[in-house]
Structures are given as C-alpha cells and as structure tokens.
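Participant: after the sequence you'll find the predicted model.
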Amino acid sequence: MSTHLERLKERLARITDLDAVRSLLGWDQQVTMPPGSNAARSHHLATVTALKHALFVADETGDLLEGAADEVAGLSYDSDDASLVRVARREYEKLRRVPESLMAERARVHALSYEAWVRARDASDFALFRPHLERVIDLTIEYAEALGYEERRYDALLDRYEPEMKTTQVAAVLAELKAGQVPLVQAIAERGRLVDNGFLHQEYPDQAQWEFSVQVLKDMGFDFTYGRQDRAVHPFTTSFSPQDVRLTTRIRENDLTWGLFSSIHEGGHALYDQGVRVELGRTPLFDGASYGVHESQSRLWENIVGRSRHFCAHYFPRLRKVFRKPLAGVDVETFYRAVNKVEPSFIRTEADEVTYNLHIFLRFELEQELVERRLSVADLPEAWNAKMKESLGITPPDDTRGVLQDVHWAEGLLGYFPSYTLGNLLAVQFYNQALKDMPDLTGQIAQGQLLGLRGWLRANIHAHGKKFTPAELVQRVTGGGMSAAP
Ligand code: ZN
C-alpha cells in the first residue's frame, strides 16, 4: 500500500501535466497557430483547463493532502515534500472556496469583455467598454468574497499573484517609492530633452538583430538544448518543464533596443524557469515564488545588467561591428545615455525604467477604489487622467492612450499590477546581495561573463521554485524584508 504522499505526488504530477499541455496550447496560439484557428483553440483550452481544475479541487485531492500532511509533519519546512504539501494545500483551500459556476461565468464574461475592450481601444471610445467592465468588477468582487480575506477585499486578489502579501504592506512600500520618485521624474522633465536617442531609430536589419539577441541569451546562460526563442506580437515566456522553456521576442527594424531588451527581459524569466530543480518539474512547485519575484528576474537582467555601463562596455563595441552604418560615430557613453533616456509618456509598456513605476501607482490606487466600490466605472476615465496629470504631469489626449491601454482589467486581472513594481524593487535588492557575495560581479559583466550571476541567481532563487512565499524568499536571500530604499 503506497502512502498518501506517494499517491498525492502522482495526482499532482498529472495535474501539472495538464497545466503544461494548457501552456503549450497557449504558446502555440501566440507563436505558430494559423490566424483562423482561434475558435477551435478556445475549446481545447477550455477543456484542458476544466479537466485540470476538476482534478485539483476534487475531494480525493483533499483527502490525500490531509493524509500527506500528517506524513510530512516531521520534515523540515524547506524540504521538498513538506513544501509540496504546504503549497498545494494552500492553493487547494483557496480554489475550493470558489464555486465552479462563478469560475465559468468569469471565463465567459472575460472573453466578451476582451473583445469589447479591443473594439473600444481601436475606436478610443470608453463607452463601448464600460458595461463590460462593470460586469467584470461585479464578478471580481464576488470572486474576492469567495476567496476570503481578513482586512481588505483587495487582499484576496493580490494574494493570487503575491502569496501572503497584504494590501497595506504593498501600499507602504509603494508610498515610500512614490515619495522619492514623483519629484525625481518632475525634476528630470524640467531639465528638458537633453538626451538624443535618434540613432537608435535608424535601420537595423532584422536577421542581424535576431542573431545578436541569440548570442546575448547564450552568454546569459540560457540553454537552447532545453528551450527556444521565437517571435510573438507581445513578447512573453512560458514553460512546460525546467527542460522546455520558451521565450519570445519582437523585432522592429527601426529600433535597435526594442528587440534586444525584450530578449534580455524574457531571458531573465526563462533563466528562472530553467533554473528550477528538475526534481520539482512535475509538481506545483515548478513556478516562481510570485509574479513579482518572476518579474524581478526579468528586470534585473534587462535594466540593472542590460542598461549598465559594464554591459554596454562589452556589448556596444560588438553592436557597432554588426551595425556599422547606423552606429558610425556613436561612442559607448552616448549609447549608454540613449538606452537610459527618461521621459514621461502615456503608455506603460513603453515607459522607461524611472517613470514606469508611476504608471503602476496609478493603476494600484484605481483598482483598489474599484473593487472597494469607492469609484464607479463611469468615473474611471476622469480619475485616470487626473492621476496622470498629478504624477507624470501629462494628460492623455484620448482614452486609447489612457484608461483603455492595458488588457488586464478586461480580463479580470485585478491585483496583478503591483507585481511589476515589486519586481523592480526586488531586482535591486537581489542584485545588491549578489554584489556583496561577488565583489567582482561588475568586472565580470564588463567582460561579457554573465554565467557567474546566473549561477548566483540559480542557487539563491531559481532552484527553489515556488517553495517559499515572496517574503520568505527575500528574507532568505537578503536577510531582511522587502524595501523601496535600495
Ligand atoms: Zn516580464
């Protein structure tokens, strides 16, 4: 007779397989699927998702979890088995509280709302989206109430992306950051446009850009034996196991850095997934500690490493060899300044490293007000524009460049935005620790030797997968809590 733990592992392995299949369908949808196949694909996705959900929330899973919890009671907190039972049980108890009818209704409403959002955005007409968003907010509130929370309704939503984090904690960290960053952005804006990055927008042939990005990924230690890079309209990374990790990028011939930094960013996500210990691959622990921790890896590579003087010192001379004509007469300092240009802008996804967080503060504040019924959907565009003016000093000329720009709310992803900024903050905290542990790190980067950093990240962060909550992981790695100060 096998133990509860053994039977639980077998069951969770099958559930993880279904998840991998779902991810593979999603990857294919965005990378290789013919344009007319979307309707058929939505059925495949819905069926696999429902199968996985049913298998996971079944009574049998609960019985196995309970039995296994007794069997692992004597093991250390960070052992594989104790962590597996703890993490799976937490997720099981959350998802069990959400009625299946609500899950189905949310999926249906989000699909309609997404279509309405696309139309509204194209027409820059918020009124087309408004009734759909109202329905999304109603269902989001119902969902939060089902999941449960102690203090704030928003906590229930935030917890889906940042396990065990509370709204008040995130608000405190973001307030600290905002107090420093809003005046900084205003001071930069007042100085005027000092940085000319026009040379980045000459002609840079597609194939040469692609090959360059592949070389940088290899230098970062991304293993093409267990992964691929492809093209997608909106770059993303997905994984089916630590041994099958797919990243995507997008190249524009009139922009040298768009594709390069997309590849480095997604490469950061991809290294995380390749770095999870293979033993955790067919378990729910094959994942990042949280969305914010995952984003910390992409931001660390993209912004802290990729936009550093050290990185430019090694890679700019190589770029100049490949792209002789557009980079003729450009020196490394000019390049470094150009890729770090700061300028308030309307679109979050195109924002620079400094102004980016201001876009997040605004969304974080507005979505709390929406789910706590302090702001109506009808008043949302006006509230958006007022906050843009207050924090970035600019007013969107239309809703396409304002409240309609992001897909998240259309798909019911409320509680997600803070993860982007937490990722920025954690990236700095982790990098500072790496610098302490490896005093020669910047020297290595300036030589194009990036494997030392990958090794440090793998040992301290990647290998653990989802074993720890973000707060536990930050404590383990840095010896302290999450902070905006660094
Ligand atoms: Zn990312």
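Facilitator: Okay, I see it. For clarity, every value in this text was computed on a predicted model and none was experimentally measured.

Participant: ok, now which ones touch the residue nearest the centre of the chain?
Facilitator: Nearest to the geometric centre of the chain sits Glu295, at 4.5 Å (C-alpha atoms, centre = their mean). Residues in contact with Glu295, defined by C-beta atoms under 8 Å, 6 or more residues apart in numbering, are Ser419, Tyr420, Leu422, Gly423, Asn424, Leu426, Ala427. Quick note: C-beta positions are derived from backbone N, CA and C, even for glycine.

Participant: what subset of these is buried?
Facilitator: Buried subset of these (neighbour count, 16 or more other C-beta atoms under 10 Å): Ser419, Tyr420, Leu422, Gly423, Asn424, Leu426, Ala427.

Participant: how about the helices of the stretch 251-400 of the chain, start to end?
Facilitator: With DSSP state H, counting those that start in this stretch, the ranges of helices along the stretch 251-400 of the chain come out as 256-275, 291-299, 309-322, 332-338, 356-371, 380-392.

Participant: got these as JSON lines, with distance to Arg152 and mean pLDDT columns?
Facilitator: Listed next are the helices of the stretch 251-400 of the chain as JSON lines, based on distance: least, C-beta to C-beta, whole Å; pLDDT from 0 to 100:
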{"stretch": "helix 256-275", "distance to Arg152": "29", "mean pLDDT": "97"}
{"stretch": "helix 291-299", "distance to Arg152": "18", "mean pLDDT": "98"}
{"stretch": "helix 309-322", "distance to Arg152": "40", "mean pLDDT": "98"}
{"stretch": "helix 332-338", "distance to Arg152": "42", "mean pLDDT": "96"}
{"stretch": "helix 356-371", "distance to Arg152": "8", "mean pLDDT": "97"}
{"stretch": "helix 380-392", "distance to Arg152": "19", "mean pLDDT": "96"}
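
Participant: quick one: contacts of stretch 441-455?
Facilitator: Contacts of stretch 441-455 (C-beta under 8 Å, 6+ apart): 219-221, 271, 275, 305, 308, 310-311, 313-315, 434-435, 438, 440.

Participant: that older thread, between the buried ones among the contacts of Glu295, which is nearest Ile461?
Facilitator: Leu426 (9.5 Å; C-beta to C-beta).

Participant: so which elements touch whichever strand or helix holds the closest one?
Facilitator: Following DSSP states H and E, one finds Leu426 within helix 418-437. Packing partners of helix 418-437 (3 or more C-beta pairs under 8 Å, 6 or more residues apart in numbering; DSSP states H and E): helix 153-161, helix 167-190, helix 291-299, helix 356-371, helix 441-446, helix 451-460, helix 470-478.

Participant: can you lay out those helices as JSON lines showing distance to Ala69?
Facilitator: As requested, the helices and strands packed on helix 418-437 are arranged in JSON lines below (distance: least, C-beta to C-beta, whole Å):
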{"stretch": "helix 153-161", "distance to Ala69": "21"}
{"stretch": "helix 167-190", "distance to Ala69": "28"}
{"stretch": "helix 291-299", "distance to Ala69": "25"}
{"stretch": "helix 356-371", "distance to Ala69": "33"}
{"stretch": "helix 441-446", "distance to Ala69": "41"}
{"stretch": "helix 451-460", "distance to Ala69": "28"}
{"stretch": "helix 470-478", "distance to Ala69": "19"}
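
Participant: pick the most deeply packed of those.
Facilitator: helix 291-299 (a mean of 26; mean count of other C-beta atoms under 10 Å).

Participant: now that helix: how far from the chain's centre is it?
Facilitator: 6 Å (C-alpha atoms, centre = their mean, to the nearest Å).

Participant: mind exporting it as PDB, just the C-alpha atoms?
Facilitator: C-alpha atoms of helix 291-299 as PDB (Å, rounded to 0.1, in the frame of the first residue of the first chain):
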ATOM      1  CA  TYR A 291       4.700  37.200 -10.200                       C
ATOM      2  CA  GLY A 292       6.700  39.900  -8.600                       C
ATOM      3  CA  VAL A 293       9.700  37.600  -7.900                       C
ATOM      4  CA  HIS A 294       9.500  36.400 -11.500                       C
ATOM      5  CA  GLU A 295       9.400  39.900 -12.800                       C
ATOM      6  CA  SER A 296      12.400  40.700 -10.500                       C
ATOM      7  CA  GLN A 297      14.500  38.300 -12.700                       C
ATOM      8  CA  SER A 298      13.500  39.900 -16.000                       C
ATOM      9  CA  ARG A 299      14.000  43.400 -14.700                       C
END
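
Participant: quick check: angle from that helix to helix 167-190?
Facilitator: Angle, helix 291-299 to helix 167-190, by axes from the mean of the first three to the mean of the last three C-alpha atoms, to 10 degrees: 30 degrees.

Participant: quick one, helices of the stretch 101-250 of the chain?
Facilitator: Using DSSP H, counting those that start in this stretch, helices in the stretch 101-250 of the chain cover 126-147, 153-161, 167-190, 206-220.

Participant: okay if I get those helices as TSV plus mean pLDDT and distance to Glu71?
Facilitator: Shown next, in TSV, are those (pLDDT from 0 to 100; distance: least, C-beta to C-beta, whole Å):
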stretch	mean pLDDT	distance to Glu71
helix 126-147	97	28
helix 153-161	97	27
helix 167-190	92	33
helix 206-220	98	40
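
Participant: quick one: closest of these to Leu102.
Facilitator: helix 126-147 (6.1 Å).

Participant: now do the contacts for the residue nearest to Ser263 when sequence neighbours are not counted.
Facilitator: Nearest non-adjacent residue to Ser263, counting by C-beta to C-beta, 6 or more residues apart in numbering: Ser213, 3.8 Å away. With contacts defined as C-beta under 8 Å, 6+ apart, Ser213 is in contact with Gln229, Thr249, Ile251, Gly259, Leu260, Ser263, Ile264.
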